[in-house]
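Student: how would this look folded up:
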Amino acid sequence: MKALLDPGELAKALVHSRPEEVRKEQRLNVRYHIEHPAIIDRPRKFLSVFATILRHVPSYGLALEHYVRCQAKCGRCSVECMIYQATNDPKDVPCYRSSMLLDIYKRYFTMGGRFWGSVTGRGDLTDEKLQEMAQSVWNCTACRKCLLECPSGIDHGLLTHLARYILSEMDIAPRALVVSTREQLEGKTGNTSAFPWPAIKDGLEFLEEEMEEEKGVKMHFPLDVEGADYVFFPAVSDFMMEAETLMGNAAVFAATGDSWTIGTKCHDGINYGLFYSDRIWDRVVSKVDAETRRLKGKVILIGECGHASRSAKVGIPMFCGGKAALPVVNCMEYAYDAWKAGKLKLIRGAIKERVTYHDPCNIARTKWIIEQPRELLRYICEDFVEMTPNREENICCGGGGGTVSIDEVRPYRTGPAGKAKAEQIRATGAKYCVGPCANCKKQLKELVEDQEVDCEIVGLHDLLYNAIDYSELERKQGVEPRQTEGNTDCVTTSTEAASS
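Tutor: Numbers count the residues shown, from 1 in each chain. From the prediction side, this is the model:
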């Protein structure tokens, strides 16, 4: 099978940005930056961390026991892996990557493995094996498409996450994620982008003025309102870099009249723990849960972000109350339900240009949010086209699993990891690609730039903002009605102005 990338493109994508002397000092030949990794006796430390996690999270042991018994290494997962399709490197086959961890488990944590290992001396964990794992697990975007093809039902994405978790407890994790998470949990700003709250608040006030000027009606971003039905947690990057998406969120609530609020103590739905650490995952969703309860909110509402939605949908009941946990809803689910209930009035065919839709892996792979945004887009768009494949069989944007936040691996993300998605978008001929996820948007914008695809990346709410029928709000506010024509200029200068 021919690789999607030629040898020259692949070599460019795999170039190291870390100085050679740093790699030698840290004894890690990986492409991502690391702060202070463990250097001495790494195999022993890895096994110690592994044992501790298995002791405290028995469900990992149950999964591993099953996987080591049914592991086939047949390679069928390779047909679904866009990384392998791009590189044609056997080490990029998902089951090869998973075998690194499964072989360690079998050798050191099963009775047969311990016996035969002591007799034959084979299969011992070495520093070289750990170095290979440290790079390999961050080549994977954790899109979990390989799970669709595995005849044994092995979740390679779960095994990648577990390997990252163990390594992170040895301080072997991308610095970009570690620094962002530290700021979110312990820093002054309390968010992953280190945006000061006064700057966010000023930006929201500006957007309120912008919305009134554009649409002729008052729409607000309510702050710290107690007892609101919905407490809103977008990806914090939306506050400064995705103004149109936020304006769409506010417009939907203005049209429905439901109560919502943004908390001032916690307003970042991003959760990098989903990518590399259960301990961090727990701390971040607990912070979201605490803020919702502080404001006496009824529902946790997550913005347009696939991983933020999945981390809360799964993490809130897992870490914050079980069956008594607060409900978690994605903003696209809310908009769809409001539209179907007749509370959100939209203009049919408001968007004239061709539009396509990218399924974020974290909300589509499990068939959670698939049809809702499509029904909305078919209604408001005159020319909506699908990519192929789509829905739960979608191709990852190339920046999943936290890799989009690692800027030093951009050539890899927009090369081997993103090439297939770029060609998918190109084939549609769409002017707008809806990517309803903060990570996907960042990756797709860099991808279409690097792969020279003539397409603009937007959010679903960017389009909804220009497709809402504001006549009822005009009547309630006593303002002169405007023409109810769709505005096809989906991305206005307000996005740039809010971030300046």
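Student: So in the chain, which helix runs the longest?
Tutor: helix 197-215 (DSSP state H).
Student: in it, what's buried?
Tutor: 197, 200, 203-204, 207-208, 210-211, 214-215 (16 or more other Cβ atoms under 10 Å). For every residue, glycine as well, the C-beta is placed using N, CA and C.
Student: any idea which of those residues is closest to Glu393?
Tutor: Leu207 (36.6 Å; Cβ to Cβ).
Student: you'd agree the closest one is up against Thr245?
Tutor: No: with contact defined as Cβ atoms under 8 Å, Leu207 does not count as touching Thr245 (10.7 Å).
Student: need the strands for this protein, in chain order.
Tutor: For the chain, the strands defined by DSSP state E occupy 230-233, 260-261, 299-302, 328-330, 351-357, 381-385, 432-434, 456-458.
Student: what's the spacing between Arg283 and Leu223?
Tutor: Look at Arg283 and Leu223: by Cβ to Cβ, to the nearest Å, they are 24 Å apart.
Student: for the longest helix of the chain, packing partners?
Tutor: Here helix 197-215 is seen to pack against helix 238-241, helix 243-256, helix 494-499 when contacts are counted using 3 or more Cβ pairs under 8 Å, 6 or more residues apart in numbering; DSSP states H and E.
Student: Now those helices in CSV, please, with extra columns for distance to Val448.
Tutor: As requested, these are arranged in CSV below (distance: least, Cβ to Cβ, whole Å):
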stretch, distance to Val448
helix 238-241, 16
helix 243-256, 17
helix 494-499, 16
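Student: so of those, which one's packed in deepest?
Tutor: Sort the helices and strands packed on helix 197-215 by mean neighbour count, taking mean count of other Cβ atoms under 10 Å, and helix 243-256 sits at the top with a mean of 25.
Student: what's that one packed up against?
Tutor: Where contact means 3+ Cβ pairs under 8 Å, 6+ apart, helix 243-256 is packed against helix 197-215, helix 238-241, helix 331-340, helix 460-465, helix 471-477, helix 494-499.
Student: So for the protein, which residue is the most central one in space?
Tutor: His307 (3.5 Å; Cα atoms, centre = their mean).
Student: Can you identify each of the helices in the stretch 101-250 of the chain by residue range?
Tutor: All helices of the stretch 101-250 of the chain, identified by DSSP state H, counting those that start in this stretch, fall at 111-120, 127-136, 156-168, 175-186, 197-215, 238-241, 243-256.
Student: relative to helix 331-340, how tilted is the last one?
Tutor: Taking axes from the mean of the first three to the mean of the last three Cα atoms, to 10 degrees, one finds helix 243-256 and helix 331-340 inclined to each other by 40 degrees.
Student: and if you look at the first one?
Tutor: Compare the direction of helix 111-120 with that of helix 331-340 by the same axes, to 10 degrees and you get 160 degrees.
Student: mind saving the C-alpha coords of helix 111-120 as CSV?
Tutor: Output of helix 111-120 as CSV, limited to C-alpha atoms (Å, rounded to 0.1, in the frame of the first residue of the first chain):
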residue,chain,number,x,y,z
MET,A,111,1.7,-15.2,37.0
GLY,A,112,2.8,-16.9,33.7
GLY,A,113,4.7,-13.8,32.6
ARG,A,114,6.6,-13.5,35.8
PHE,A,115,7.5,-17.2,35.8
TRP,A,116,8.7,-17.4,32.2
GLY,A,117,10.4,-14.1,32.4
SER,A,118,12.5,-15.2,35.4
VAL,A,119,13.3,-18.5,33.6
THR,A,120,14.1,-17.2,30.1
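Student: who touches that helix?
Tutor: 105-108, 122-124 (Cβ atoms under 8 Å, 6 or more residues apart in numbering).
Student: Try it again at 6 Å.
Tutor: Outside helix 111-120, the residues that touch it by Cβ atoms under 6 Å, 6 or more residues apart in numbering are 106-107, 123.
Student: again, but for the last one
Tutor: Contacting residues not belonging to helix 243-256 are listed as 207, 211, 219, 221, 238, 260, 304, 331, 335, 338, 343-344, 459, 461-462, 464-465, 468, 491, 494-495, 498 [Cβ under 6 Å, 6+ apart].
Student: re earlier: go through the helices and strands packed on helix 243-256 and name the closest to Ser59.
Tutor: Ser59 lies closest, by Cβ to Cβ, to one member of the helices and strands packed on helix 243-256: helix 331-340, at 27.4 Å.
Student: Just the buried residues of the closest one, please?
Tutor: By 16+ other Cβ under 10 Å, the buried positions in helix 331-340 come out as 331-336, 338-339.
Student: Which residues outside it are in contact with it?
Tutor: 249, 252, 256, 301, 303, 344, 369, 372-373, 376, 436, 460.
Student: hang on, the earlier thing: format the helices and strands packed on helix 243-256 as JSON lines; extra columns: distance to Glu20 and mean pLDDT.
Tutor: JSON lines is the format used below for the helices and strands packed on helix 243-256 (distance: least, Cβ to Cβ, whole Å; pLDDT from 0 to 100):
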{"stretch": "helix 197-215", "distance to Glu20": "39", "mean pLDDT": "96"}
{"stretch": "helix 238-241", "distance to Glu20": "34", "mean pLDDT": "93"}
{"stretch": "helix 331-340", "distance to Glu20": "46", "mean pLDDT": "98"}
{"stretch": "helix 460-465", "distance to Glu20": "44", "mean pLDDT": "98"}
{"stretch": "helix 471-477", "distance to Glu20": "61", "mean pLDDT": "92"}
{"stretch": "helix 494-499", "distance to Glu20": "36", "mean pLDDT": "40"}
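Student: Export the ones you listed to a markdown table and append columns for distance to Cys320.
Tutor: Output for the helices and strands packed on helix 243-256, formatted as a markdown table (distance: least, Cβ to Cβ, whole Å):
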| stretch | distance to Cys320 |
| --- | --- |
| helix 197-215 | 24 |
| helix 238-241 | 23 |
| helix 331-340 | 20 |
| helix 460-465 | 27 |
| helix 471-477 | 36 |
| helix 494-499 | 32 |
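Student: No further queries at this time; thank you.
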